[in-house]
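A.B. asks: Please find the sequence and the predicted model below.
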Amino acid sequence: MSAEQLYASVEGLTIPALLRRNAQQFAELPALTTGIGPDAGTLSWSQLRAEVAALARGLTVLGLKQGDRMLIAMPRRAEHWIADLAAIHLGALACSTYDTLSSEQIAMLARHSAAAVVVLQGKQEMDRWQPVLKELPHLRAVVVLDWEAAPPDDPRFVSYAAVRGAVPPDDTAFEALTDAVTPDQPLALVYTSGTTGEPKGVVLTHRNVIYESLMQDQLVPVPQHPRSLAYLPLAHIAERVLGIYMPICNAGHVTICPEPDQLLPALLAVRPQGFFGVPRVWEKLAAGLQTKLAALDGQQTDAVAQAQKIALEVYRLRCDGKDIPAQLTEPLEHLDEQVMRPLRAAVGLDDCRRAVSGAAPIPVSVLEFLASVGLPVYEVWGLSETTGAATVSTPEVFAPGSVGRPGPGIEVREGDDGELFVRGPVVFAGYLQDDGRIESATDEQGWLPTGDVGTVDSRGLVTITDRKKEIIITDAGKNIAPTRIESLLRAHPLIAHAAVIGDRRRYVTALLVLDAETAPLWAKAKGITECDLGALAGNPVVSAVLDGAVAEANAVLSRAEQVKKHRVLAGPWTAESGELTPKMSLRRRAIDELHAAVIESMYT
């Protein structure tokens, strides 16, 4: 499908219209499942739309209307999807918030968005939101799912069940709401994570999200009505596209994984046909597969080694754009079915047709290992402002370390200082302003400055070197991209996070944070008795291993980039502890402040 055909296929579509199509044409097919196992509950497409209609009717009673903003603070559960879609039908902007936000951060978002309605889950959310709610002059109602958590005698609070049942069914009125929504109407509000400053309110349209969804299905097809797993926060642009909009576009079946620590059981239960992971997720899955390989007996090991060798050779040929000879493809098909597919089944990815990584660089060693077991993972790149992926690696054109080519109808160019600019139908409507206006962030030609520094090669492949605001300039004037170094360091299974330091310094240093899951297991296997993270951070055996990891990274770095000193920290680093954003990106300014003494010790 050409860009022109893709443009034509998107024309006139809206999320409510596609939801209606699914409810009519695929009425009994599963749309949304919450949880795994015998207690899981599933809504069909017709049931999902009926729930959305019921809540939308109730929200009109609360006064929610076109142009209003509605904030949702709720874990991953069906009611989150329903509330979001109900707001969309009314022309209101739905916005999911991270469950790691402090009351201060909540207050900033709520005031900036001028939220008219807030939807909360229960006590945990109420504890963080209640101190803020009295400060919001635009707030009309607080909808609470777990009603026993609501404070008594406050007329602004209303139960989710009461809103859902407030108005009798009226099919004619709901169809009118569906028909009234237009493609270029604002659809969702997504706040950036604030990696390099205050969060900004990104406003997306129906055209943005539908184009992105159909583009992904065109570039890397999956079967009809694909199975997928929603495990990331819905405040994350990737999960909004993959967990809400794309399944509506392709009438897929989403299973909600309520808790991140249930990811592996959920993968095994769902066996998704498409799966997106940030690099740390893929690194953990790769480590799990390597552990299973190490447990095989001699005969099995030989068969796997042969299959891995051929798979990796095919992967590298495809990377170079070369033809694959039949003497490789024929044995690979047999070995994959007999040897590799059962191995991938151990992590629930034996039926995965679209494996994608994004949000940060992923080590090439991890990509090559996964490809060697028949699970090639393709990198994408984009921002909340580009509705997720603007560039996509595909099985036909990719290169480890690059993030693929611009999607159909999307352009990427380099600025004079190396900053990348994007233009096309996935570029957002603009940033929400304090006064409710939506202000465009593009220039007169439609180009959006991304803040990312990178290159575009002769094949159109884009490579990201760093965030423009995160480039390190040493006191010798050397420009250094920290994320590349951090990716190399993080490839070691003991390292959960690596933060490279060196701006206006004499040389580069690094803080290494132990992996809270892997490090204790590794230590126990080595016979180390003190396995808590604090003890391990100072253990000489661990120190020696991580010295080797740093030396290995330095071996492929230029002299100016090499890490001269490092310190091992117990961690863990989380959004709550301050070092990470809710999207698990590094908060560099916070790291500098929280660990100032440790950092200074590497320069004295």
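C.D. replies: Good, I have the coordinates.
A.B. asks: all contacts plus neighbour counts: C-alpha atoms, from now on.
C.D. replies: Will do.
A.B. asks: What lies in contact with the lengthiest helix in the chain?
C.D. replies: If you go by DSSP state H, the chain has its longest helix at helix 298-319. Residues lying outside helix 298-319 but in contact with it, judged by C-alpha atoms under 8 Å, 6 or more residues apart in numbering, are 293, 323-324, 328-329, 332, 335-336, 339-340, 368-369, 371-374, 376, 395-400.
A.B. asks: what's the distance between residue 307 and residue 301?
C.D. replies: 10 Å (C-alpha to C-alpha, to the nearest Å).
A.B. asks: what do you get for residue 368?
C.D. replies: Taking C-alpha to C-alpha, one finds residue 368 at 18 Å from residue 301.
A.B. asks: the inter-axis angle of the next helix or strand after the longest helix of the chain versus helix 298-319?
C.D. replies: For helix 298-319, the following helix or strand on the C-terminal side (DSSP states H and E) is helix 326-335. Following axes from the mean of the first three to the mean of the last three C-alpha atoms, to 10 degrees, one obtains 130 degrees for the angle between helix 326-335 and helix 298-319.
A.B. asks: buried ones in stretch 172-179?
C.D. replies: Neighbour counts over stretch 172-179 (16 or more other C-alpha atoms under 10 Å) mark 174, 177-178 as buried.
A.B. asks: Which residues outside that stretch are in contact with it?
C.D. replies: Defining contact as C-alpha under 8 Å, 6+ apart, one finds that stretch 172-179 is touched by 16-17, 53, 89-90.
A.B. asks: can you redo the residues you listed as TSV with secondary structure?
C.D. replies: TSV is the format used below for the contacts of stretch 172-179 (DSSP: H, G, I helix; E, B strand; the rest coil):
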residue	secondary structure
16	helix
17	helix
53	helix
89	helix
90	coil
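A.B. asks: Now pLDDT, distance to residue 276 and neighbour count too, for these, in CSV please.
C.D. replies: Shown next, in CSV, are the contacts of stretch 172-179 (pLDDT from 0 to 100; distance: C-alpha to C-alpha, whole Å; neighbours: other C-alpha atoms under 10 Å):
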residue, pLDDT, distance to residue 276, neighbour count
16, 97, 25, 25
17, 97, 26, 21
53, 97, 30, 26
89, 97, 28, 28
90, 97, 30, 23
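A.B. asks: and which of the residues you listed is nearest to residue 112?
C.D. replies: residue 90 (20.8 Å; C-alpha to C-alpha).
A.B. asks: mind checking how far that closest one is from residue 62?
C.D. replies: Taking C-alpha to C-alpha, one finds residue 90 at 12 Å from residue 62.
A.B. asks: now do residue 117
C.D. replies: Residue 117 sits 8 Å away from residue 62, taking C-alpha to C-alpha as the criterion.
A.B. asks: intersection of neighbour lists for these two?
C.D. replies: 140-141.
A.B. asks: Partner strands of the strand ranked longest in the chain, with direction?
C.D. replies: Longest among the strand segments of the chain by residue count, using DSSP state E, is strand 448-456. Using DSSP bridges, strand 448-456 pairs in its sheet with strand 419-423 (antiparallel), strand 462-467 (antiparallel).
A.B. asks: for the chain, which spans come out with low pLDDT?
C.D. replies: Along the chain, segments meeting pLDDT under 70 span 1, 193-197, 468, 475-479, 583.
A.B. asks: Mind splitting it into its structural domains?
C.D. replies: Domains of the chain are assigned by automatic domain parsing as 3-272, 278-380, 471-601.
A.B. asks: what about the longest one, start to end distance?
C.D. replies: Think domain 3-272. 28 Å.
A.B. asks: Repeat that for the second one.
C.D. replies: According to C-alpha to C-alpha, domain 278-380 extends 10 Å from its N-terminal end residue to its C-terminal end residue.
A.B. asks: which stretches of the stretch 1-150 of the chain form helices?
C.D. replies: 3-10, 15-25, 45-61, 78-89, 103-113, 123-133 (DSSP state H, counting those that start in this stretch).
A.B. asks: Also the stretch 501-604 of the chain?
C.D. replies: 518-525, 533-537, 540-554, 588-594, 596-601.
A.B. asks: Compare those helices and give me the one nearest residue 126.
C.D. replies: Short answer: helix 588-594, nearest of the helices of the stretch 501-604 of the chain by C-alpha to C-alpha, at 26.9 Å.
A.B. asks: what does the closest one contact?
C.D. replies: Contacts for helix 588-594 (C-alpha under 8 Å, 6+ apart): 195, 499, 578-579, 599.
A.B. asks: swap in stretch 236-244?
C.D. replies: For stretch 236-244, contacts defined as C-alpha under 8 Å, 6+ apart pick out 81, 190, 209, 212-213, 228-234, 254, 383-384, 387-388, 583.
A.B. asks: Filter those residues down to the ones in helices?
C.D. replies: Among those, the members found in helices (DSSP H) are 81, 209, 212-213.
A.B. asks: which non-adjacent residue is nearest residue 17?
C.D. replies: residue 178 (6.1 Å; C-alpha to C-alpha, 6 or more residues apart in numbering).
A.B. asks: re earlier: quick one: buried residues of the longest strand of the chain?
C.D. replies: 448-456.
A.B. asks: can you give me the helices for the stretch 351-500 of the chain?
C.D. replies: Counting by DSSP H, counting those that start in this stretch, the helices of the stretch 351-500 of the chain are 364-372, 482-490.
A.B. asks: would you turn the ones you listed into JSON lines with mean neighbour count?
C.D. replies: Output for those, formatted as JSON lines (neighbours: other C-alpha atoms under 10 Å):
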{"stretch": "helix 364-372", "mean neighbour count": "20"}
{"stretch": "helix 482-490", "mean neighbour count": "23"}
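A.B. asks: Distance check, the residue nearest to residue 17 against residue 61.
C.D. replies: In this view, residue 178 and residue 61 are 18 Å apart by C-alpha to C-alpha.
A.B. asks: and if you look at residue 520?
C.D. replies: Residue 520 is 54 Å from residue 61, by C-alpha to C-alpha.
A.B. asks: Identify the residues contacting residue 60.
C.D. replies: residue 90.
A.B. asks: Quick check: which element contains the residue nearest the centre of the chain?
C.D. replies: Central residue of the chain (C-alpha atoms, centre = their mean): residue 238, 4.2 Å from the mean position. Using DSSP H and E, residue 238 sits in helix 237-240.
A.B. asks: three-state assignment of residue 155?
C.D. replies: Three-state call for residue 155 (three-state DSSP): coil.
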